[in-house]
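> Here is the input, now give the coordinates:
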Amino acid sequence: MKYFNETYKKREFLRRNEWADTYRATHAVTDEHVTLKVLAKKSNDEEYINNLLKEVETIKTIKNPNLIHVNNMFKYSGFGKTYYYIEGEYFKGDSLKEVIENSKIDIKESVKIVERAAEGIKEFHDKNILFNSLNLENILMNSREIIKVDVLSYLEHKTFQVKEDESLEENKFNPQKDIYALGAVLYCLLSGNQIFDNNKYKKDIKDDILIKIIDRATNPQCESRYINIDRMIMDLKSYLQTGDIKSDNYDYNDEISNKNKKQKKQKNKKEKAEKKTKKDTSITNNVISSE
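This is a model prediction of the structure:
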């Protein structure tokens, strides 16, 4: 408790939920403002804490100007109990939910917000990690229009239990879940609605190009559906620069290209194995002939 009190000066309680008590504090050594998430009920769950520690070790290496950075996870003892807490970057901003409740965002600004959020989520995808809880409430914007995705919310919603009846295929990394969320956020910013309705967006959005982007992000029947976040970022950037996107079905072609590369790799592996078998057979025959 002494270390905690000496390390974090000027602590200010912000809010409480089922997962943690949230504080803003000033670090005594660096003099930086930080966010502290003191785990409320989970500090006594040894299995959860061990899993969370491993997760934090991975997440703290992910850095991007559009992400709220996680610094580390610590513990302190006080009043006969041990408490675990996570230290992260402090970012003062409003959630997109609050933003659209109070003002209307223009089209270009809406696209720019989603493009920046996507750039942050891409850092997760580059490590084959699914954010899986992206929404209007954990994307923040400050008065200088800086956009940051709240990584602490990722940790808050992270579960470590795997259902026994889930197949390995269902547990595989699937970037389209986050891409869908980004498409839904784009719709909400453009329409001013807080809930995404995949039956209504084509009526609510007047820009055909933006309809295509949302369609490629959220419609499972779309032939040009984004298979990775890089393609979505490419379209968002293209729209901001030219007001248009590529008309060719490049997502599908990219998928075919990756499939062909995989098949070629498997073919080379098979040919190599066949050559080795022939070589081994030749050596065996030579040994037999020598005998």
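> all helices in the stretch 1-150 of the chain, in order from the N-terminus.
In the stretch 1-150 of the chain, the helices defined using DSSP state H, counting those that start in this stretch lie at 2-7, 46-59, 96-102, 107-125.
> from those, which stretch is densest packed?
Among the helices of the stretch 1-150 of the chain, helix 107-125 has the highest mean neighbour count (mean count of other C-beta atoms under 10 Å), at a mean of 21. For glycine as for every other residue, the C-beta is placed from the backbone atoms N, C-alpha and C.
> by contact count, what packs against that helix?
Secondary structure elements in contact with helix 107-125, counted by 3 or more C-beta pairs under 8 Å, 6 or more residues apart in numbering; DSSP states H and E, are strand 139-141, strand 147-150, helix 176-191, helix 229-242.
> any idea of the mean pLDDT for it?
For helix 107-125, mean pLDDT is 98.
> let's number from 379 now, not from 1
From this message on, residue numbering opens at 379, which makes the last subject helix 485-503.
> Wait, residue 381 touches residue 454, no?
Yes. Using C-beta atoms under 8 Å, residue 381 is in contact with residue 454, at 6.2 Å.
> quick one on the thing from earlier: kindly reformat the helices of the stretch 379-528 of the chain as CSV containing distance to residue 462.
CSV is the format used below for the helices of the stretch 379-528 of the chain (distance: least, C-beta to C-beta, whole Å):
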stretch, distance to residue 462
helix 380-385, 11
helix 424-437, 6
helix 474-480, 29
helix 485-503, 23
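> my guess is residue 622 is in a helix, correct?
No. Counting by DSSP: H, G, I helix; E, B strand; the rest coil, residue 622 falls outside a helix, being coil.
> That one contacts residue 615, correct?
No. When contacts are counted by C-beta under 8 Å, residue 622 is not listed as touching residue 615 (11.5 Å).
> Tell me which of these two has more neighbours.
A direct count of neighbours by other C-beta atoms under 10 Å for residue 622 and residue 615 places residue 615 higher, at 16 against 12.
> pretty sure the more buried one contacts residue 493?
Yes. Using C-beta under 8 Å, residue 615 is in contact with residue 493, at 6.3 Å.
> which one of the helices of the stretch 379-528 of the chain lies closest to residue 405?
Nearest to residue 405 among the helices of the stretch 379-528 of the chain is helix 380-385 (6.7 Å), distances taken as C-beta to C-beta.
> so where's the chain uncertain?
Per-residue confidence for the chain (pLDDT under 70) gives these ranges: 540-549, 626-669.
> Can you show me the helices along the stretch 529-669 of the chain?
Going by DSSP H, counting those that start in this stretch, the stretch 529-669 of the chain shows helices at 529-535, 554-569, 579-582, 586-596, 607-620, 628-668.
> ok, residues contacting the fifth one?
Helix 607-620 is touched from outside by 486, 489-490, 492-493, 496-497, 499-500, 503, 553, 556-557, 560-561, 587-588, 590-591, 594-595, 604, 622-624, 628-629, 632, with contacts defined as C-beta atoms under 8 Å, 6 or more residues apart in numbering.
> Repeat that for the second one.
In this structure, residues lying in contact with helix 554-569 by C-beta under 8 Å, 6+ apart are 474, 478, 483, 485, 488-489, 491-492, 495-496, 499, 502-503, 508-510, 512-514, 517, 571-574, 579, 582-583, 585, 588, 591-592, 594-596, 603-605, 607, 610.
> Between the helices of the stretch 379-528 of the chain, which one is closest to residue 412.
Closest approach to residue 412 among the helices of the stretch 379-528 of the chain (C-beta to C-beta): helix 380-385, 9.7 Å.
> helices or strands next to that closest one in the packing?
Packed against helix 380-385 by the contact rule (3+ C-beta pairs under 8 Å, 6+ apart) you find strand 448-456.
> quick one: buried residues of the strand it packs on?
448-449, 451, 454 (16 or more other C-beta atoms under 10 Å).
> quick one: strands adjacent to it?
strand 459-467 (antiparallel) (DSSP bridges).
> buried ones in the partner strand?
Buried residues in strand 459-467, counting neighbours by 16+ other C-beta under 10 Å, are found at 461-467.
> what do you get for stretch 389-399?
Judged by neighbour count (16+ other C-beta under 10 Å), stretch 389-399 contains these buried residues: 397-399.
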